[in-house]
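**Student:** A predicted structure for the sequence below; I have some questions about it.
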Amino acid sequence: YEYLKEIYEAVKEFKKVLFSKSTEKLHNWIKKYEKSSIQGIQSFIHGIKRDIVAVENAIKYEYSNGLAEGKINKIKLIKRMMYGRCKFETLKNKILLIEHN
């Protein structure tokens with residue numbers, strides 16, 4: 001299964017690129033794998049190229065908005081569960097109760 005070997009190597013090298021803090025290594029990785037015969041790798045590289053600035057920033061900087069996104073996702077989930085059943089005050093109290101625990 002030669003294609004599995006290629007996928008494994010691509011993933012392993014990409015992980016090294018992420019922790020290298022070097023955007024030059026990212027561009028080298030893209031050049032190396034953009035001619036891959038595996039459609040999934042080509043699709044992944046296409047997605048990276050569409051949002052290259054964000055990917056470069058994720059490699060260069062240590063901080064992210066992951067914590068804020070997690071909180072927003074939790075609030076949206078609670079809101080969906082309570083849809084049509086209560087007022088804003090009840091939603092606010094439920095969120096505060098969950099965060100307190």
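**Tutor:** Happy to help now that I have it.

**Student:** using the three-state scheme, assign residue 35.
**Tutor:** With DSSP: H, G, I helix; E, B strand; the rest coil as the basis, the three-state label of residue 35 is coil.

**Student:** tell me the domain boundaries of the chain?
**Tutor:** Here the domain parsing of the chain from the TED database is 2-60, 65-100.

**Student:** can you put these in a markdown table and add mean neighbour count and mean pLDDT?
**Tutor:** In short, each C-beta sits where N, CA and C put it, glycine included. Shown next, in a markdown table, are the domains of the chain (neighbours: other CB atoms under 10 Å; pLDDT from 0 to 100):
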| stretch | mean neighbour count | mean pLDDT |
| --- | --- | --- |
| domain 2-60 | 13 | 92 |
| domain 65-100 | 11 | 82 |
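
**Student:** what segments of this protein are helices?
**Tutor:** Using DSSP state H, the helices of the chain run over residues 2-20, 23-33, 39-50, 52-60, 66-81, 88-100.

**Student:** residue 41 contacts residue 10, doesn't it?
**Tutor:** Yes: using CB atoms under 8 Å, residue 41 is in contact with residue 10, at 5.6 Å.
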